[in-house]
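Trainee: Got a sequence here, can you build the structure:
(one chain, ligands or ions: 1)
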Amino acid sequence: MDIVSVTNLKKTYGDFAAVNGVDFSIGRGEIFGFLGPNGAGKTSTINMMIGLSKPTEGTIIIKGIDVRKQVKKAQSIMGIVPDESNLYDELDGFENLCFCASLYGMRKEERESKAKQLLDKFRLTEAGKRPFKAYSKGMRRKLVIAAGIIHSPQILFLDEPTTGIDIESARQIRELIVELKNQGTTVFITTHYIEDAERICDRIAFIVSGKIIAIGSVPELMESISHGYMIRLSAEESIMKYAVDLQARFEGCNINASQNNSLVLASQNRIPLLPVIQYFDEKGVSIYEVKQLRPTLEDVFVKVTGIEAEKLEKEKGVAGK
Ligand SMILES: Nc1ncnc2c1ncn2[C@@H]1O[C@H](COP(=O)(O)OP(=O)(O)OP(=O)(O)O)[C@@H](O)[C@H]1O
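Mentor: The predicted structure follows:
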């Protein structure tokens, strides 16, 4: 059952359409990812969904609530984690969390115990006594996320949660997102890290220039590009010299050199393995590995967007990734 339904969403700044007719829905308990390069319209979309900015056109319904008409009611079931910190520099970690909890009407005892629990979960118990301004980038991001989930929201919005932070903090954040999903929370996440999207998202939308150009689960997106069949053969010695002969024998196969002592066979049809192995056997060459190669989400992204995956990840300064 869908908890979010977005229809024909548009945001224009003057003549420029930052979000240009976007439609998607999110199932309850799903992790839904928005993946796209700088300026694609990710933050503009999330800001409209959380009621921070008004759509130029379109509707956003969250758990039956029209966000444009009942923004406060919709926000009461949301957790919001912006890409920039929204916490107080002078307050310590514990005080910041308690303050956020008080905004959601949580009682003193409940907010203090939840704040302690979250500091512990993010391994920030010691840091919880220090002012927020003394935190590293990774610690800041973790505390902002803790503040966004302190009231146990039904749907969590995360804008670029792992951008520019250390590997360990990014891993802890991914684990937490999956844990929240397992407890029934729906998660909307924007990212330009293909690997993050592939690892944790149930469904992903690729957004470029304000439009969704592909949407689906990771396997669905992978199936959407015609890749044919590819296998890689690895031997103890160089087998490149057999490439021309192999190509002549196995019609429709393209043979490419891979690294070291490997060859890659590609074909639009299934490649019969036994005759290929027998061929090498007859030549006295033993094949120690045969691996089927599948397209990655990165291949799909590059194919449907025409944007190099490396460019996408380099855009935001990925120190520590
Ligand atoms: N307030 C604004 N006024 C004018 N243009 C804006 C405004 N906010 C965003 N834009 C433009 O809208 C486009 C989409 O911006 P948005 O921040 O939504 O993209 P994004 O996908 O989140 O990018 P990034 O990964 O860089 O954060 C960009 O071209 C941006 O310059």
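Trainee: Tell me how this protein divides into domains.
Mentor: According to automatic domain parsing, the chain is divided into the following domains: 2-223, 229-292.
Trainee: Can you get me the start-to-end distance on the first one?
Mentor: Right, the one you point to is domain 2-223. Terminal residues of domain 2-223 lie 24 Å apart, using CA to CA, to the nearest Å.
Trainee: Ok, the last one next?
Mentor: This stretch, domain 229-292, spans 8 Å end to end (CA to CA).
Trainee: Give the buried residues for stretch 214-232.
Mentor: Going by neighbour count (16 or more other CB atoms under 10 Å), the buried part of stretch 214-232 is 214-215, 218, 221-222, 227, 230-232. Where C-beta positions appear, they are placed from N, C-alpha and C, glycine not excepted.
Trainee: pLDDT value on Thr185, please?
Mentor: On pLDDT, Thr185 comes in at 96.
Trainee: give me the number of residues near the nearest residue to it once chain neighbours are set aside?
Mentor: Sequence neighbours aside, Leu156 is the residue nearest to Thr185 in space, at 5.6 Å (criterion: CB to CB, 6 or more residues apart in numbering). Using other CB atoms under 10 Å, Leu156 has 24 neighbouring residues.
Trainee: isn't there a helix covering Leu156?
Mentor: No - read with DSSP: H, G, I helix; E, B strand; the rest coil, Leu156 is strand and lies in no helix.
Trainee: and the residue nearest to Met1 when sequence neighbours are not counted, what is it in contact with?
Mentor: Closest residue to Met1 apart from its sequence neighbours, by CB to CB, 6+ apart: Arg28 at 5.4 Å. By CB atoms under 8 Å, 6 or more residues apart in numbering, the contact set of Arg28 is 1-3, 184, 186.
Trainee: What separation is there between Arg28 and Gly148?
Mentor: 19 Å (CB to CB, to the nearest Å).
Trainee: can you tell me the average pLDDT over stretch 152-161?
Mentor: 94.
Trainee: is it anywhere near the ligand?
Mentor: No - using CB under 6 Å from any ligand atom, stretch 152-161 stays clear of the ligand, with a minimum separation of 6.8 Å.
Trainee: quick revisit: and the residue nearest to Met1, what's its pLDDT?
Mentor: 94.
Trainee: Equivalent analysis for the one 5 residues further on, please.
Mentor: Gly33 is assigned a pLDDT of 96 by the prediction.
Trainee: ok so, going back, the domains of the chain into TSV, with extra columns for distance to Val302?
Mentor: Listed next are these as TSV, based on distance: least, CB to CB, whole Å:
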stretch	distance to Val302
domain 2-223	9
domain 229-292	16
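Trainee: Many thanks, I have nothing further to ask.
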